[in-house]
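Undergrad: how does the following fold in three dimensions:
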Amino acid sequence: MKQIIEKAWLVPLGFANGVLLDRDGGGLVLIDAGVPSHEAAIFDALTTLGRQPEDLPNLVFMHAHPDHIGSAAAVIKRTGAET
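TA: Residues are numbered from 1 along each chain as shown. Sure thing, here's the model as predicted:
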């Protein structure tokens with residue numbers, strides 16, 4: 001994981017990347033969930049930030065290709081996030 005700017009981190013997710021945004025008290029937003037079976041990188045990023053899965057209430061997808069939504073089901077299952 002690499003910080004891009006204040007309150008934004010690039011999360012490598014296989015073939016593609018996700019971006020975690022901190023909404024100042026509104027939880028985190030994940031933009032894109034990467035390829036299938038890369039959800040561990042998302043949860044590792046949360047841990048690195050001192051956050052819990054429940055701190056990720058929203059997911060946003062750029063489009064519905066597998067490199068953008070592949071790990072979405074696993075993330076939603078664990079976090080209860082909304083898309």
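Undergrad: worst-scoring helix or strand of the chain, pLDDT-wise?
TA: Least confident helix or strand of the chain, by mean pLDDT, DSSP states H and E, is helix 66-69 with a mean of 92.
Undergrad: what's near enough to touch the spatially most central residue of the chain?
TA: Closest residue to the average C-alpha location of the chain: L30 at 3.6 Å, with Cα atoms, centre = their mean. Applying Cβ atoms under 8 Å, 6 or more residues apart in numbering, we find L30 in contact with 11, 18-21, 42, 56, 58-60, 75, 81. For glycine as for every other residue, the C-beta is placed from the backbone atoms N, C-alpha and C.
Undergrad: 7 Å instead?
TA: 18, 20, 42, 56, 59, 75 (Cβ atoms under 7 Å, 6 or more residues apart in numbering).
Undergrad: ok, back up a step: quick one: name whatever helix or strand follows the least confident helix or strand of the chain.
TA: Downstream of helix 66-69, the first helix or strand assigned by DSSP states H and E is helix 72-79.
Undergrad: against which helices or strands is that following helix packed?
TA: helix 39-48, strand 58-60 (3 or more Cβ pairs under 7 Å, 6 or more residues apart in numbering; DSSP states H and E).
Undergrad: need the contact partners of the least confident helix or strand of the chain.
TA: Contact with helix 66-69 is made by 15-16, 32-36, 61-62, as judged by Cβ under 7 Å, 6+ apart.
Undergrad: hmm, 10 Å instead?
TA: 13-18, 31-36, 38, 59-63, 72, 75, 83 (Cβ atoms under 10 Å, 6 or more residues apart in numbering).
Undergrad: of those, buried ones?
TA: 13-14, 16-18, 31-36, 38, 59, 72, 75 (16 or more other Cβ atoms under 10 Å).
Undergrad: quick one on the thing from earlier: what's the closest of the contacts of L30 to K2?
TA: Checking the contacts of L30 against K2 with Cβ to Cβ, the nearest one is L20 at 10.7 Å.
Undergrad: got the phi/psi numbers for the spatially closest residue to the closest one that is not a sequence neighbour?
TA: Spatially, and ignoring its direct neighbours in sequence, L20 is nearest to W9 (4.6 Å; Cβ to Cβ, 6 or more residues apart in numbering). With angles defined as degrees, to the nearest 10, W9 sits at phi -130, psi 140.
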